[in-house]
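Participant: next input, structure requested:
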Amino acid sequence: MIHFACVVDFFDEEHKIPWNYVIKQDDGSYEAFVTYLFSDLRDDDAPSEAREHSLGRFRTCKEAILTIRHHKSRVFAVERREWDGEIDFNLPTVN
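Facilitator: Numbers count the residues shown, from 1 in each chain. Next comes the predicted model:
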């Protein structure tokens, strides 16, 4: 059973589909998830596919939320081409 500790972003305006979120594991740790929406660039009529990606497990919910926000800001910087230098998405996190 999934225990949502926090939903950072929802996919829909009705707040029914969690997009970036934190779940509490049975061992008391918190796992941060981000979701990406992929589409087939070769076929405009192909449906998009949502894929979840774990950013890791953390001792507190706050650490997990901050990691999601940090990850989102790095992705946003790349999308807006505000990043200087080479991009490393495998930077160490707090866990």
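Participant: flag every buried residue along the helix or strand where Val75 lies.
Facilitator: Per DSSP states H and E: Val75 is located in helix 61-79. Under the neighbour-count criterion of 16 or more other Cβ atoms under 10 Å, helix 61-79 has 61, 63-65, 67-68, 71 buried. From N, CA and C alone the C-beta is placed, and that goes for glycine too.
Participant: cool, and stretch 18-34?
Facilitator: Across stretch 18-34, burial judged by 16+ other Cβ under 10 Å covers 18-24, 29-34.
Participant: so which residues make contact with it?
Facilitator: Stretch 18-34 has contacts (Cβ atoms under 8 Å, 6 or more residues apart in numbering) with 2-11, 35, 52-61, 63-65, 67-68, 71-72.
Participant: buried ones among these?
Facilitator: Buried, going by 16+ other Cβ under 10 Å: 5-6, 8, 55, 58, 61, 63-65, 67-68, 71, out of the contacts of stretch 18-34.
Participant: tell me which of those is nearest to Asp43?
Facilitator: Proximity of the buried ones among the contacts of stretch 18-34 to Asp43 (Cβ to Cβ) peaks at His71, which lies at 28.7 Å.
Participant: so what sits opposite the residue nearest the centre of the chain in the bridge?
Facilitator: Central residue of the chain (Cα atoms, centre = their mean): Val34, 1.7 Å from the mean position. Beta bridges link Val34 to His53 when assigned by DSSP bridges.
Participant: ok, it to Asp12 distance?
Facilitator: Val34 sits at a distance of 16 Å from Asp12 (criterion: Cβ to Cβ, to the nearest Å).
Participant: what's the answer for Ala50, then?
Facilitator: For Ala50 relative to Asp12 (Cβ to Cβ), the value is 12 Å.
Participant: okay, now the unreliable bits of the chain?
Facilitator: Filtered on pLDDT under 70, the chain yields the residue ranges 1, 40-42, 79-95.
Participant: try 90 this time
Facilitator: 1-3, 11-13, 15-17, 36-50, 72-95 (pLDDT under 90).
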